[in-house]
Each structure stands twice: as structure tokens, then as C-alpha cells.
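Engineer: Sequence plus predicted model, see below.
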Amino acid sequence: MKVNRQPLPICLPAILVAISIIATLGACQRELHFDPVKDPDHNILLRFRPIVGYDSVKLNFGDTYKNAFNENYTVKAFKFYIYGIELINTDSGKTFTISNDKYFLVNFQDSASTVLPLSILPYKYNRISFFIGVDSARNVSGAQTDALDPANGMFWTWNTGYIMAKLEGNSPVSTSPGKMFEYHIGGFRTGENVVQKITLLFPYAQNIDMKSGKTTDMTITADVNAWFSNPHDIKISANSAVMTPGPLAMQIAENYSKMFTVVEIKND
């Protein structure tokens, strides 16, 4: 017996819908993408350490030391502002700058303030630079907070601005009451500006590869004896108090700009 087989009905609308869904999914897949994952920054612990003389004798508050003129002195305060920290590679010309709005007050009587945690772009660097002081805009910006809070004892008036660096102590050759010497160095106006840019080579002129997610521990010494000489002779017996902007303050600032040395780098 012959069986007549009828063709299965084709539902054209259903097929068209299926084709449309498949095409839409394919388009979505083609457009799907992921943002690249940013590598972690490199971390730096920047440590400042006070010393006396180029033999790296540790400065202890209250101990007696001699400057280049054989004048005995003791230190009771030693602090300064820094900002505009940069990591530099002089071979490639690449520079990474920490925000110029970020200020730090390094106070050697407060150990917590002498270690600065920073994050930078991973790269090979061979120098570090920073400014010591407070820029002119900040000097006339009114009451501020954090490191620039006047409560830190580093602010004169709205007219004369911030004390950029401070050194205080006692010396038997001082002519001030109580045999004190006080160097409060400030001045931001033209002809009085004591802000200094410091650029320091890494030890042995080496390039340090600061890798993503790793940490570098960098120690920078600050030699208190540099305040008194090179290039200007500042004798305590002749100048026991410098507490206003002017030529003498600018000479001391030029002296202490030479006090920094990168002495050690521990790199992950």
C-alpha cells in the first residue's frame, strides 16, 4: 500500500525570529570588551635622617657638636617643608611628579613625620628631586590645614608667610639671651625667595628599577652642619638670630640646600 508523505509545515515567522536572535547575539559578542587592568603603582618609603658632618654622625638632640668654625652647639629643633617630589630618569628624560599640592613637614623631633609613604609610576629612575619650602601661592592662601596648619609653628603672618625651614639650639658663643641661636628661614617675594629645588643622584649613579606593586625604601640624610657653611659663612657668634626674610636668610637657604644625600636604597 502506498503511503503519501506530506512535507512538514515550515513556520517561516519562527525561523526569521530565530535568525534575528542569533544575529543579535553575534553582534553583542563582537562588541563585548573589557577595560585593561591597570598595573599597581610602585611604593616608596622616603626616610629622612639627621646627621652632623659628612661622616654621617647621627644627630641627637641635646648632644654637643662643632660647626666648620669650631663653634660648639646643641640642637633643639630641626624641621623643614618639602613639596613637588619628582622621580627622574635622565637617560630617557622621563619624570614622574607627586602632586605639587602635597606638602610634607619633616620634623626630626617627630619620627613619624620623617618617613613619607609615596606611590609612583613604575619605571627605572636614577634621581629624585623636591623643593624645600612653600611656594608663593600657598604663602598667601589664608588659613590652611594638615602640614600647612599654622598650629605647626611654621607660620609668621599673612604678610611674610611660612617659615620654610627652622633650626634652633644653644651655643656658648651666641650673643642672644639664654645663649640661644634661632634660624627661622622664610621669604617668598621677589628678592627674598628662599625656596630651593634639590636634585639628588642615587648612590653610585645607579638606575633603580621600581616595579609595579613593589616597594623601595630610600634613606636621605640631612646634614645640620651644612646650615653654617658652603657657600656662605654663617657663624653663630656673628648671627645668632635670623628670623626675617632678606639677604641673610637667602644665604642660609643656599647653604642648607646642600645638606641632602641619598645614602641607601633598598629595592624589591
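Structural biologist: Sure, I can see it. Numbers count the residues shown, from 1 in each chain.
Engineer: Pull the number of nearby residues for Leu105.
Structural biologist: Per other CB atoms under 10 Å, the neighbour tally for Leu105 reads 19. Heads up, the C-betas are built off the backbone N, CA and C, glycines and all.
Engineer: ok, and the closest non-adjacent residue to it?
Structural biologist: Using CB to CB, 6 or more residues apart in numbering and skipping residues adjacent in sequence, the residue nearest Leu105 is Ala147, 4.3 Å away.
Engineer: The one you found - that's part of a helix, no?
Structural biologist: Yes. Assessed by DSSP: H, G, I helix; E, B strand; the rest coil, Ala147 belongs to a helix.
Engineer: in this protein, which helix or strand is least confident?
Structural biologist: Across the helices and strands of the chain, mean pLDDT, DSSP states H and E gives its lowest value to helix 12-31, namely a mean of 50.
Engineer: Point me to the helix or strand that includes the most centrally placed residue in the chain.
Structural biologist: Closest residue to the average C-alpha location of the chain: Ile85 at 3.9 Å, with CA atoms, centre = their mean. For Ile85, the host element (DSSP states H and E) is strand 72-89.
Engineer: State the mean pLDDT of that strand.
Structural biologist: Mean pLDDT, computed over strand 72-89, is 97.
Engineer: quick one on the thing from earlier: who are the neighbours in contact with the residue nearest to the centre of the chain?
Structural biologist: 46, 97-98, 102, 116, 118, 128-130 (CB atoms under 8 Å, 6 or more residues apart in numbering).
Engineer: Least confident of these?
Structural biologist: Ranked by pLDDT, the contacts of Ile85 bottom out at Ile98, which has 87.
Engineer: and it, what does it touch?
Structural biologist: 84-86, 118, 120.
Engineer: So it versus Asn67, what's the distance?
Structural biologist: Ile98 sits 33 Å away from Asn67, going by CB to CB, to the nearest Å.
Engineer: Helices of the stretch 51-200 of the chain, start to end?
Structural biologist: Assigned by DSSP state H, counting those that start in this stretch, the helices in the stretch 51-200 of the chain fall at 136-139.
Engineer: Which positions in the strand holding Ile85 come out as buried?
Structural biologist: For strand 72-89, a neighbour-count test (16 or more other CB atoms under 10 Å) marks 73-75, 77-89 as buried.
Engineer: what's the answer for stretch 168-178, then?
Structural biologist: 168-171, 173-174.
Engineer: average model confidence for that stretch?
Structural biologist: Average pLDDT, stretch 168-178: 98.
Engineer: what's the answer for stretch 138-153, then?
Structural biologist: 90.
Engineer: Residues contacting that stretch, please?
Structural biologist: Residues contacting stretch 138-153 (CB under 8 Å, 6+ apart): 81, 103-105, 134, 155, 158, 161-162, 188.
Engineer: Quick check: the farthest pair among these?
Structural biologist: Greatest spatial distance among those (CB to CB): Phe104 and Trp158, at 22.4 Å.
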